[in-house]
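> Dropping the sequence and predicted coords here.
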Amino acid sequence: TLGPFVLENYYNLPVFIIDIVGGRRTKIIMSAKKVRRADKAGTWYTGDGVALQQELDQYVRNANRNVRLPLRAIIGPHAGYSYSGPTAAYAYGAVDVTGIQRVFLLGPSHYKYLPNCAVTALDEYETPLGNITIDREVCSKLQDVSSGELFATMSRKMDEQEHSIELHLPYIYHTFAERSVKLVPIMVGSLSENDAEAVAQTLIPYFVDPANFFVFSSDFCHWGERFSYQYYDKSQGPIWKSIEYVDRLGMDVIETQSPEAFQRYMETYQKPTICGRNPIRVLLHMLHSLPNQFDVSFNYYDQSSKCTKSTDSSVSYVSGLVQPRPDTSP
């Protein structure tokens with residue numbers, strides 16, 4: 001004898017609840033919302049909501065961020081939380097959420113070549129802490145402005161596969177849960193310089209509005225044979241110190257807010273091992289178009305491991321902050 005059971009599906013089609021004992025078949029129309037699954041939950045981070053809440057709470061406490069800042073944007077990593085979770089806390093833990101209504105999340109495309117950007121076609125993003133509502137209106141406006149040329153549409157597979165976006169979702173929910181913010185996720189492809197500038201110009205009206213907050217998803221140096229990158233300046237000491245030296249040069253360049261200087265740095269040292277270089281280029285083009293209005297700084301740096309020999313490998317993580325300068329107008 002079987003009792004009632006639920007036929008689940010992740011694509012939010014109508015769900016049938018069937019009672020075999022009573023011989024009845026009842027069709028219940030569920031919400032038609034299209035929800036992105038938390039594809040990496042249970043592997044890259046815990047899928048247990050209670051445990052995840054406690055983990056993020058602890059990361060933020062360890063970051064010891066007693067002062068919240070009126071930030072406009074952060075740069076944060078997207079590796080598994082056992083590696084990059086503590087670094088991300090230095091960024092998210094610094095945010096004063098007052099007045100923020102919408103979060104733009106720009107992450108690189110790791111799995112599919114994109115010549116432009118892409119926005120989601122879904123309505124909500126799932127996290128073990130709760131779902132985040134997508135701002136479908138803004139996603140549509142971005143596509144309308146460029147007639148779909150700069151902002152394409154992600155397929156569900158592209159959307160759910162990309163970890164550069166997903167690994168920020170629990171932190172966004174954790175940071176903004178009490179504000180019920182809406183999310184505008186943007187996958188950033190291999191933009192030409194002209195297109196990076198065009199994307200920046202499209203986003204600037206949102207960037208200058210303090211009701212919006214921007215997250216730029218990026219790890220830093222990927223060092224090792226498996227990443228096809230083993231630059232080593234022996235004058236810096238062991239390999240991991242050389243990696244840190246190159247990473248800090250990159251941070252210094254980003255603080256200058258110069259797209260051209262960042263491009264020269266990438267060509268000189270690490271092309272293409274800063275995986276979020278294209279989202280960062282968009283940020284720099286926005287800042288370059290808004291001179292003397294924002295400051296960029298970095299408040300934390302870490303590596304997944306300390307490389308000492310050529311067979312080692314590591315990934316670097318940074319926490320970057322973008323803060324409006326005080327209004328100096330008379």
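Thanks, I have the structure now. Remember, predicted model here, so these are calculated numbers, not experimental data. Residues are numbered from 1 along each chain as shown.

> Wait, a helix at Ile280?
Yes: counting by DSSP: H, G, I helix; E, B strand; the rest coil, Ile280 is part of a helix.

> from memory it sits against Val253, does it?
No: look at Ile280 against Val253 with Cβ atoms under 8 Å: they stay out of range, at 10.0 Å. For the C-beta atoms, the positions are set from N, CA and C on the backbone; glycine is no exception.

> Now for the two: what residues contact both?
Phe262 (Cβ atoms under 8 Å, 6 or more residues apart in numbering).

> More neighbours: which of those two?
Between Ile280 and Val253, counting by other Cβ atoms under 10 Å, Ile280 is the more crowded of the two (26 against 21).

> which residues does that one contact?
Ile280 touches 75, 216, 218, 254, 262, 274, counting by Cβ under 8 Å, 6+ apart.

> make it 10 Å
75, 106, 108, 188, 196, 216-218, 250, 253-254, 259, 262, 266, 274, 320 (Cβ atoms under 10 Å, 6 or more residues apart in numbering).

> any idea how far it lies from Ala73?
11 Å (Cβ to Cβ, to the nearest Å).

> Now the common contact residues for those two.
106, 216, 320.

> Please name the residues that touch the closest residue to the first one other than its chain neighbours.
When you say that, I think you mean Leu106. Among residues not flanking Leu106 along the chain, Pro279 sits closest, at 4.1 Å (Cβ to Cβ, 6 or more residues apart in numbering). Pro279 sits next to 75, 105-108, 117, 164, 186-188, 191, 196, 199, 214-218 when contact means Cβ under 10 Å, 6+ apart.

> mind listing which of these are in strands?
75, 105-108, 117, 186-188, 214-217 (DSSP state E).

> in the protein, which spans are helices?
Assigned by DSSP state H, the chain shows helices spanning 49-63, 81-92, 136-145, 156-161, 163-166, 169-176, 193-207, 239-256, 259-265, 277-289.

> Render the CA-only coordinates of the first one in PDB, please.
Output in PDB follows, covering the C-alpha atoms of helix 49-63 (Å, rounded to 0.1, in the frame of the first residue of the first chain):
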ATOM      1  CA  GLY A  49      21.200  25.800   5.000                       C
ATOM      2  CA  VAL A  50      21.700  25.800   8.800                       C
ATOM      3  CA  ALA A  51      25.400  24.800   8.500                       C
ATOM      4  CA  LEU A  52      26.000  27.300   5.700                       C
ATOM      5  CA  GLN A  53      24.500  30.100   7.700                       C
ATOM      6  CA  GLN A  54      26.800  29.200  10.600                       C
ATOM      7  CA  GLU A  55      29.800  28.900   8.300                       C
ATOM      8  CA  LEU A  56      29.300  32.300   6.700                       C
ATOM      9  CA  ASP A  57      28.600  33.900  10.100                       C
ATOM     10  CA  GLN A  58      32.000  32.500  11.300                       C
ATOM     11  CA  TYR A  59      33.900  33.700   8.200                       C
ATOM     12  CA  VAL A  60      32.500  37.200   8.700                       C
ATOM     13  CA  ARG A  61      33.400  37.200  12.400                       C
ATOM     14  CA  ASN A  62      36.900  36.000  11.600                       C
ATOM     15  CA  ALA A  63      37.300  38.900   9.200                       C
END
